[in-house]
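Peer 1: no sequence on hand, only this structure:
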């Protein structure tokens with residue numbers, strides 16, 4: 001994945017989204033199976049506004065870590 005978002009834009013069912021929680025990555029395929037409760041929005045799995053403008057308006061503005069580090073130095 002190169003985080004291009006083409007799969008999210010092409011999916012007709014809103015089954016995919018671009019999120020910010022990358023710590024959910026696993027090395028074993030069997031660990032990737034999730035229950036319905038794990039797929040719901042939660043603090044560990046926040047909503048993403050990518051390609052969903054109705055959701056994006058309600059979310060706090062996202063900033064890059066590089067921007068935060070630069071602000072601290074100034």
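Peer 2: Sure, I can see it. The structure displayed is predicted, hence computed values, not measured ones.
Peer 1: please pull out the lowest mean pLDDT helix or strand from the chain.
Peer 2: Every helix and strand of the chain was ranked by mean pLDDT, DSSP states H and E. The lowest is helix 65-73, at a mean of 59.
Peer 1: can you give me the strands in the protein?
Peer 2: In the chain, no strands are defined using DSSP state E.
Peer 1: which residues of it score low on pLDDT?
Peer 2: 19-24, 44, 46-51, 60-74 (pLDDT under 70).
Peer 1: surely residue 18 is in contact with residue 7?
Peer 2: No. With contact defined as CB atoms under 8 Å, residue 18 does not count as touching residue 7 (9.0 Å). Yep, even glycine has a C-beta here, placed from its N, CA and C like the rest.
Peer 1: between the two, which one's more packed in?
Peer 2: residue 18 (16 against 12; other CB atoms under 10 Å).
Peer 1: skipping adjacent residues, who's closest to residue 3 in space?
Peer 2: Nearest residue to residue 3, sequence neighbours excluded (CB to CB, 6 or more residues apart in numbering): residue 18, at 7.1 Å.
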